[in-house]
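Chemist: here is my input; please provide its structure:
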Amino acid sequence: MANYTTIDDPSAYFQTVIYTGNATARSITFDGNSDMQPDWIWGKQRSGTDSHQLTDSVRGVTKILNSDTTAAENTTSAAITAFGSNGFSLGTGGGYNGNNVTQVAWNWKKTADAGFDIVSYSGNNSTNRQISHSLSAKPDMMLVKCRQSGLWKIYHSSLGATKYLVLNDTAGVVDSNSTWNDTEPTSSNFTLGDDGNVNETGETYINYLFAEKQGYSKFGSYTGNGNANGAFVYTGFKPAWVMVKRTDGGANYWEIRDNKREPNNAMYFRLFPNTASAESQDANEKIDYLSNGFKLRNTTTGSNGSGNSYIYMAFAENPFVASNFNPATAR
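Modeler: Next up, the predicted model:
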């Protein structure tokens, strides 16, 4: 396998944008090297406490799910009003555009080239239910939500198909054969059991699926060392966005950091997918983004507890080595 990426410009497939809401209909434009029309927008108030807002092109711009609740999908014409050719349009709604509220939005383009697909399906309460996807690769992470109501069930390849995590909760990993039917996803389909959170008769679901792409995305695990000169996690790129979750017990938040809210090391601005809390700025929770991965600079169980196990999901600002063999630089 080549040691370089085929995605020289990650901004063609993932971009973060920060802005301040003004409760006025307007357009938000991305500032990456490439223009990108998003298919999934994940927004969160930084200074406010409205829930996370998740909108995608499969369900349509008027449909919102919240990563921090089990609530049913909300329908509104005042949030995202259009997916633009290089950004998105906003209505006057508070979740995405509250007046004088600082905001962040994380944005992905749906394409097999970047290892991202969105699948909508209806439940039937059967076991060994197989549903096709378009990744042409085995998914490394899946985020499934019932559009009526239910837990966010998470598959991660480091844990395997016998286990799941819950995005809207702080709990550790759970062993279950009714969620993924103890069956690993393949390059063409994913398998469900009869768990009502993923496959209830009469309910509809959305699944966000990701497959790892060298130099662009990484879905892995690591063990914390409880040291301020903490664990180093190799990703093969300079990160733009990292989400971490402890898996081996204990009530620990999911944590998201990105390079737009903090363009310089050390980074300690966190948002939490499982809560509507405003952005946390805790200097005891520092990490660094490096040219080829990230390094924990804290001693806490949230991301670097001694001997604790963690999974992560990461996307690139720059590949460590591009297809022209030019290396990424550190921050």
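Chemist: what is Leu201 paired to in the beta sheet?
Modeler: For the record, residue 201 is Thr, not Leu. Beta bridges link Thr201 to Gly123, judged by DSSP bridges.
Chemist: ditto for the one 5 residues further on
Modeler: Beta-bridge pairing of Ile206 under DSSP bridges involves Ser120, Lys145.
Chemist: break down the stretch 101-250 of the chain into its helices, ranges please.
Modeler: Assigned by DSSP state H, counting those that start in this stretch, the stretch 101-250 of the chain shows helices spanning 196-199.
Chemist: okay, now the unreliable bits of the chain?
Modeler: Low-confidence segments of the chain, defined by pLDDT under 70: 1-4, 321-331.
Chemist: so what's the residue nearest to Thr111 when sequence neighbours are not counted up against?
Modeler: Nearest residue to Thr111, sequence neighbours excluded (CB to CB, 6 or more residues apart in numbering): Tyr13, at 6.8 Å. No exception for glycine: its C-beta is placed from N, CA and C like everyone else's. With contact taken as CB atoms under 8 Å, 6 or more residues apart in numbering, Tyr13 is in contact with Ile7, Met36, Trp108, Lys109, Thr111, Asp113, Ala114, Phe116, Tyr216.
Chemist: for Glu262, give its distance to Val242.
Modeler: Going from Glu262 to Val242 by CB to CB, to the nearest Å gives 11 Å.
Chemist: more neighbours: those two, which one.
Modeler: Taking neighbours as other CB atoms under 10 Å, Glu262 and Val242 compare with Val242 leading, 23 against 17.
Chemist: I'd guessed the more buried one sits against Phe294; true?
Modeler: Yes. Counting by CB atoms under 8 Å, Phe294 is a contact partner of Val242 at 5.8 Å.
Chemist: overlap in contacts, these two.
Modeler: In terms of CB under 8 Å, 6+ apart, Val242 and Phe294 are both contacted by the residues Ile287, Ala314.
Chemist: can you list the domains in the chain?
Modeler: Residue ranges for the domains of the chain, per automatic domain parsing: 10-108, 116-210, 217-319.
Chemist: mind giving me the ChimeraX command for buried ones among the contacts of Tyr13?
Modeler: Selecting only the buried entries of the contacts of Tyr13 in ChimeraX, with 16 or more other CB atoms under 10 Å as the criterion:
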select :7,36,108,109,114,116,216
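Chemist: let me have the contacts of Tyr13 in CSV, extended by distance to Phe269.
Modeler: Listed next are those as CSV, based on distance: CB to CB, whole Å:
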residue, distance to Phe269
Ile7, 26
Met36, 23
Trp108, 21
Lys109, 25
Thr111, 29
Asp113, 31
Ala114, 26
Phe116, 25
Tyr216, 23
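Chemist: of the contacts of Tyr13, closest to Ala278?
Modeler: Distance ranking of the contacts of Tyr13 against Ala278, using CB to CB, places Trp108 first at 23.7 Å.
Chemist: could you find the closest non-adjacent residue to the closest one?
Modeler: Trp40 (4.5 Å).
Chemist: run through the bridge partners of the one you found.
Modeler: Beta-bridge partners of Trp40, counted by DSSP bridges, are Asp56, Trp108.
Chemist: for stretch 266-277, buried residues please.
Modeler: In stretch 266-277, residues buried by neighbour count (16+ other CB under 10 Å) are Met267, Tyr268, Phe269, Arg270, Leu271, Phe272, Pro273, Asn274, Thr275, Ala276.
Chemist: dump the residue contacts of Asp56.
Modeler: Asp56 neighbours (CB under 8 Å, 6+ apart): Asp39, Trp40, Ile41, Lys63, Ile118, Ile206, Tyr208.
Chemist: just the buried residues of those residues.
Modeler: For the contacts of Asp56, buried by 16+ other CB under 10 Å: Asp39, Trp40, Ile41, Lys63, Ile118, Ile206, Tyr208.
Chemist: against Thr81, how distant is the third one?
Modeler: Distance of Ile41 to Thr81, computed by CB to CB: 12 Å.
Chemist: equivalent analysis for the second one, please.
Modeler: Plainly put, Trp40 is 16 Å away from Thr81 if you go by CB to CB.
Chemist: please apply the same query to Tyr121.
Modeler: For Tyr121 relative to Thr81 (CB to CB), the value is 26 Å.
Chemist: cool, and Ala283?
Modeler: Remark: distance between Ala283 and Thr81 (CB to CB) = 38 Å.
Chemist: looking at those two, which has the bigger crowd around it?
Modeler: Remark: of Ala283 and Thr81, Thr81 carries more neighbours, 20 against 9, as counted by other CB under 10 Å.
Chemist: who does the host helix or strand of the more buried one pair up with?
Modeler: Using DSSP states H and E, Thr81 sits in strand 80-84. With DSSP bridges as the test, strand 80-84 is paired with strand 87-90 (antiparallel).
Chemist: return the set of buried residues in stretch 217-228.
Modeler: Neighbour counts using 16+ other CB under 10 Å place Ser217, Lys218, Phe219, Gly220, Tyr222, Gly224, Asn225, Gly226 of stretch 217-228 among the buried residues.
Chemist: got the end-to-end distance for that stretch?
Modeler: Using CA to CA, to the nearest Å, the end-to-end distance of stretch 217-228 comes to 26 Å.
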